[in-house]
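J.: Give me a 3D structure for the following:
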Amino acid sequence: MHDVDIFAPLGSLQWIDRSRLKANDYNPNKVTRENLNLLKQSILTNGWTLPIVVRPDMTIIDGFHRWMVSGEEPLITKLSGKVPVVIVKHTDSAGDIYGTVTHNRARGTHLLGPMKAIVQRLLTEGKSVNEIGKQLGMRPEEVFRLSEFSRDDFLSLMTKDVKTYSKAELITKL
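T.: Reported below is the predicted structural model:
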C-alpha cells in the first residue's frame, strides 16, 4: 500500500450535474424506502453535509443513496440537479471496493441505550412525538418504546399539541 494524500479528495470538491454520475456494480449496502425518506429529510434539515465520493470516471464509491435522493423532489429542484463530489483515485478496482465497504461500515450502527437517552432528552426538551418521528425517521410506537414513558403519559404527550377535535359526523348511505 502506498502513501495516500489524505487532503487530495477535499481539494477536488465540486458541484456537478448529478446525471454525470453512475452507480458501481458491487455496493453491498441496501436502504429501505423509509430510510431514503429519512436521508432526504436529513439533507433538507441539515443541508448537504457529505459529498459523494467518486472515481475519476464518475463512478460512485460512496454516496449512492445521497445521489438517488438528489434526483427526487424537492431536492432536485433545490439543488438545480447538482450534487457535491470529491474524486478519489485508487491504483486498482480493489481500492474502489475497499472504499465503498469501509465508508459503509465505518458509519456504524445505533445502540439501544444511547438512542433511548436521545429520545428521552428530546421529549424532556419539549419536542413533540411527531417532530422526533419526522426528524429521526421513527414511527410513534418506536418513539414510545424508546421513551420509557408509561402508556398513559405517552398518549398525553401525543395529544398535547391538539387544541380542538373535529365534530364526529354520521355518514349514511343514500
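J.: got the contact list for the residue most central in space within the chain?
T.: The chain has residue 39 as the residue nearest its centroid, 2.2 Å off, counting by C-alpha atoms, centre = their mean. Contact partners of residue 39, counting by C-beta atoms under 8 Å, 6 or more residues apart in numbering, are 31, 65-66, 69. Every C-beta, even on glycine, is put in place using the N, C-alpha and C of the backbone.
J.: what stretches of the protein score poorly on pLDDT?
T.: 1-2, 107-111, 157-174 (pLDDT under 70).
J.: Surely residue 104 and residue 28 touch.
T.: Yes - using C-beta atoms under 8 Å, residue 104 is in contact with residue 28, at 7.3 Å.
J.: Between the two, tell me which one has more neighbours.
T.: Neighbour comparison, residue 104 and residue 28: the larger count goes to residue 104, with 14 against 9 (by other C-beta atoms under 10 Å).
J.: For the nearest residue to that one once chain neighbours are set aside, which three-state class applies?
T.: Spatially, and ignoring its direct neighbours in sequence, residue 104 is nearest to residue 29 (4.7 Å; C-beta to C-beta, 6 or more residues apart in numbering). At residue 29 the chain is in coil, as set by DSSP: H, G, I helix; E, B strand; the rest coil.
J.: Verify the stated contact: residue 29 with residue 102.
T.: No - taking contacts as C-beta under 8 Å, residue 29 lies outside contact range of residue 102: 11.7 Å.
J.: coming back round to it: and the residue nearest to residue 104, how many neighbours does it have?
T.: Residues near residue 29, counting by other C-beta under 10 Å, number 13.
J.: And the one 5 residues further on, by the same measure?
T.: With neighbours defined by other C-beta under 10 Å, the count for residue 34 comes to 11.
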